[in-house]
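Participant: Quick one, fold the following:
(one chain, ligands or ions: 1)
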Amino acid sequence: MTERRASRQVNIGGVTMGGGAPIRIQSMCTTHTRDVEATVDQIQQLTEAGCELVRVACPTEEDARSLGKIRSRIKIPLIADIHFNQRFALIALDEGVDKLRLNPGNIGKKERVVEIVKKAKERNVPIRIGVNGGSLEKDLMEKYGPTPQALVESAKRHVQILEELDFQDIVISLKASDVPNMIASYRLAAETFPYPLHLGVTEAGSLLRGSIYNAIGIATLLQEGIGDTMRVSLTAESVEEIKVAKMILEALNLRKGVRVISCPSCGRAEVDVFKLAGEVESRAMKLKDPLVISVLGCVVNGPGEAHESDFGITGGKDKGMIYINGKQHRVVDEHALVDELFKEIENRKKTPEGETGQAL
Ligand code: SF4
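Facilitator: Numbers count the residues shown, from 1 in each chain. Coordinates of the predicted model:
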């Protein structure tokens, strides 16, 4: 992997971004922000899943005025998503949000922007400029079409407004639904701006398609050292976005997590590999410590993969062998394999390091 691009660091309510900080995972609530209970509930689920920053929409004054109540009940920084309305941005800042997503060029008269920027500066609140391929300025569309140049030029206009007001706590996103366009836009942005980049493929689609499109776009850039935070945008439950984001980071060895290795199954398998792997994957999601678990249908590759894993299952005739630290541990009937595997994982967690050679 290429060295990570150096970017200016910002601090979002105690969570650093850019400048060598870990790549941050974020998502956006699908609730009405004014429904405080539902929003707090969703943020708690996101936090539990590993979300580090969360954004909420503020299309009405009631939404903006709910931000303080939400902020006081959650553990991760809160980002207000504001479009066009200066008053809502000021309310959001008064309510104690940790970051604004706002394009200053869309706010109108300069004095309105000055007021927001002054307040954001006083409160150390960074601003993300979010340019989207679907809402580019008319003149840029006419000049460049929906190209990386148009996205970057649009971002430049917003950045310039903030820089002229001596404001540099900026994060930038340039989202497009076309993956090659998104990749090229961020590459150009990485050469153009010193600020942290928020990666994402916008309107990427439902769970399967959206995960693949986001993974291709985001991972290509991360592999080149570009990107400081990501939002995997999916037409699915927000928690799914966090799962996919974590898997992208884990796949690139940018973060340690729980990794489940499973074979595709074939005519040699005498256990239901799909079912076993699905159950292991869903229970493994709840584990906090880094861990590698392998689920293989037969002895062709099972012992080899188990050797490289912390825990493993290798299928036999209606039974399976549980491996621990690459060594055969015990044979269990197929129907009890996953439960017994997780009992072993739980037991190892309780075992002090050194007694059995591994504490998780
Ligand atoms: S591990 Fe066995 S069951 Fe799984 S794909 Fe390989 S040969 Fe087939």
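Participant: C29 and R55 touch, don't they?
Facilitator: Yes: between C29 and R55 there is a contact at 7.3 Å, judged by Cβ atoms under 8 Å. Where C-beta positions appear, they are placed from N, C-alpha and C, glycine not excepted.
Participant: Give me the nearest residue to the residue in the chain that the ligand sits nearest to, chain neighbours excluded.
Facilitator: Nearest residue of the chain to the ligand, counting by Cβ to the nearest ligand atom: G297, 2.7 Å away. Distance criterion Cβ to Cβ, 6 or more residues apart in numbering; nearest residue to G297, sequence neighbours excluded, is A269 at 3.2 Å.
Participant: now do V171
Facilitator: Among residues not flanking V171 along the chain, R128 sits closest, at 4.2 Å (Cβ to Cβ, 6+ apart).
Participant: In contact with that neighbour, which residues are there?
Facilitator: 79, 99-102, 170-173, 198 (Cβ atoms under 8 Å, 6 or more residues apart in numbering).
Participant: just the residues of this structure that are near the ligand, which are they?
Facilitator: 263-266, 268-269, 296-298, 300-302 (Cβ under 6 Å from any ligand atom).
Participant: Make a ChimeraX selection of the buried ones in those residues.
Facilitator: A single ChimeraX command is used to select the members of these judged buried by 16 or more other Cβ atoms under 10 Å:
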select :263,265,269,296,297,298,302
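Participant: among the residues of the chain next to the ligand, which are in helices?
Facilitator: With helices defined by DSSP state H, the entries of the residues of the chain next to the ligand inside them are G302.
Participant: biggest separation within the residues of the chain next to the ligand, which pair?
Facilitator: Largest separation among these by Cβ to Cβ: P264 and G302, giving 13.3 Å.
Participant: Can you tell me which of the contacts of R128 has the most neighbours?
Facilitator: Neighbour counts for the contacts of R128 (other Cβ atoms under 10 Å) peak at L102, which has 29 neighbours.
Participant: Dihedrals phi and psi, that residue?
Facilitator: phi -160, psi 140 (degrees, to the nearest 10).
Participant: same check, this time on N11
Facilitator: Given degrees, to the nearest 10, the pair of backbone angles that N11 has is phi -120, psi 120.
Participant: Could you pull up the residues touching it?
Facilitator: 17, 124, 126, 169 are the contacts of N11 under Cβ under 8 Å, 6+ apart.
Participant: Could you pull out the helices in this protein for me?
Facilitator: 36-49, 61-65, 67-71, 86-94, 110-122, 138-144, 148-164, 179-192, 207-223, 238-251, 273-284, 302-307, 337-350.
Participant: How far does the third one sit from its chain's centre?
Facilitator: Relative to the centre of its chain, helix 67-71 is centred 22 Å away, using Cα atoms, centre = their mean, to the nearest Å.
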